[in-house]
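Undergrad: Pasting the sequence and the predicted coordinates here, then a few questions.
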Amino acid sequence: MLTSRPARNGYLKLSFVSCPIALYPATAASDRLSFRQVNRRTGHPLKHKLVDSVTGEEVASSDKARGYETDTDKFLLVEDRDIERARSNRPAPGAVELAAPSSFRRDSPPTAPYELQEDEGAGDEGKAEEIVPTPRPRNTRTVEIERFVPVGQVEVSYFEKPYYIAPRGEIGQEAFAVVRDAMAREKVAGLARILLASRERPFLIEPMGRGLRGITLRFTQDLRPEQDFFAGIPSMRLPAEMMELARHIIRTKSAEFDAAMLEDRYRTALVRILRKKQAKRAAAAPAASPSRENVINLMDALRRSIAAQDKPKRRGTARKRRTPESASTRRGTG
């Protein structure tokens, strides 16, 4: 029984095999504790204003822009047309194969001096280049597996957010099972591209029980090379007795993995504190129960309200009843 709505519906495609699928977030963000800034004196939530860090003046939301920091307090303005240009140069998912490691080049971000921004902007205005908004590629909800890699070969450092992938409806269950079981027997995971929140992300797909598990991956540019941190560690020849002692400690502390090992102890302790605070507040200021006098007064008020609504109706009925009598009286008098 599914207990949450899918994050998105789409199609899983392997060559000519396609089946409808649904992606469900594997994490529950609602269980996380979040806080808001409040006024300690009144308990009311606080609002934030945009203030220029140099002039101290309040900035209207219309003057807010994106800025890429190239140096301390030096920024390059990033306009909407720059974003559209990057999207237009991006190939659609499945249009090209995943880049081979030998052909990949890690480009560094710009570090241009701040003074060059005006010259660069003037050059763009002189060219009068027209940026046409690029529509999203077609079939953006199709998750097409482009390549397979051995299970466990993708480093955990690349993992970002997990999803559960289940067949959507009864029509595609057989095709879904074919892809799942074939991957499980070959012990491979699939690499694909997926559009989430208008941004293309690498996507790892691997069998998981009766379904599939998808994990959004970080880009290669997001990870720092380990050589920058490990290159300075010297190689050592350790004493055999010391190694045996360390291995003995490891063996005594070894056990099968249990999800209870990953309990958020900070959250558990904080929830316990918050519950105690709530209990003390309720005990210090109990809700006042209505007294018998209040109930009687309320009933009297309701009766008076009903009586006040009935008076006009009764007056109108009395007038209708008196009208024939008064008319006959007038005819008899005449």
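TA: That came in fine, so what should we check first?

Undergrad: same for the host helix or strand of Leu212, what does it pack against?
TA: Applying DSSP states H and E as the criterion places Leu212 in strand 211-217. Here strand 211-217 touches strand 159-167, helix 173-186, strand 188-196, strand 199-208, going by 3 or more C-beta pairs under 8 Å, 6 or more residues apart in numbering; DSSP states H and E. No exception for glycine: its C-beta is placed from N, CA and C like everyone else's.

Undergrad: Can you mark which positions in the first one are buried?
TA: Residues of strand 159-167 classed as buried under the neighbour-count rule (16 or more other C-beta atoms under 10 Å) are 163-167.

Undergrad: now the residues you listed as a markdown table including pLDDT and distance to Ala197?
TA: As requested, the buried residues of strand 159-167 are exported to a markdown table (pLDDT from 0 to 100; distance: C-beta to C-beta, whole Å):
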| residue | pLDDT | distance to Ala197 |
| --- | --- | --- |
| Tyr163 | 94 | 14 |
| Tyr164 | 95 | 19 |
| Ile165 | 94 | 18 |
| Ala166 | 93 | 21 |
| Pro167 | 92 | 24 |
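
Undergrad: Closest one of the residues you listed to Arg210?
TA: Of all those, Arg210 sits closest to Ala166, with 8.5 Å by C-beta to C-beta.

Undergrad: What segments of the stretch 1-150 of the chain are helices?
TA: Assigned by DSSP state H, counting those that start in this stretch, the stretch 1-150 of the chain shows helices spanning 80-88, 116-127.

Undergrad: Okay, angle between the first one and strand 199-208 too, please.
TA: Which is helix 80-88. 40 degrees (axes from the mean of the first three to the mean of the last three C-alpha atoms, to 10 degrees).

Undergrad: packing partners for helix 80-88?
TA: Checking 3+ C-beta pairs under 8 Å, 6+ apart, helix 80-88 ends up next to no helix or strand.

Undergrad: Number of residues surrounding Leu238?
TA: Neighbours of Leu238 under the rule other C-beta atoms under 10 Å: 8.

Undergrad: can you confirm it is in a helix?
TA: No - secondary structure of Leu238 (DSSP: H, G, I helix; E, B strand; the rest coil): coil, not part of a helix.

Undergrad: that older thread, worst average pLDDT in the helices of the stretch 1-150 of the chain?
TA: Least confidently modelled of those is helix 116-127, at a mean of 44 by mean pLDDT.

Undergrad: re earlier: distance to Glu244 added to the helices and strands packed on strand 211-217, as TSV?
TA: Output for the helices and strands packed on strand 211-217, formatted as TSV (distance: least, C-beta to C-beta, whole Å):
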stretch	distance to Glu244
strand 159-167	34
helix 173-186	39
strand 188-196	37
strand 199-208	37
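
Undergrad: For the helix or strand immediately after the strand holding Leu212 in the chain, list the C-alpha coordinates in CSV.
TA: Note on strand 211-217: by DSSP H and E, the next helix or strand toward the C-terminus is helix 227-230. The C-alpha coordinates for helix 227-230 follow below in CSV (Å, rounded to 0.1, in the frame of the first residue of the first chain):
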residue,chain,number,x,y,z
GLN,A,227,44.4,13.7,-4.3
ASP,A,228,44.1,17.3,-3.0
PHE,A,229,43.7,15.9,0.5
PHE,A,230,45.3,12.4,0.5
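
Undergrad: tell me the mean pLDDT over helix 227-230?
TA: 89.
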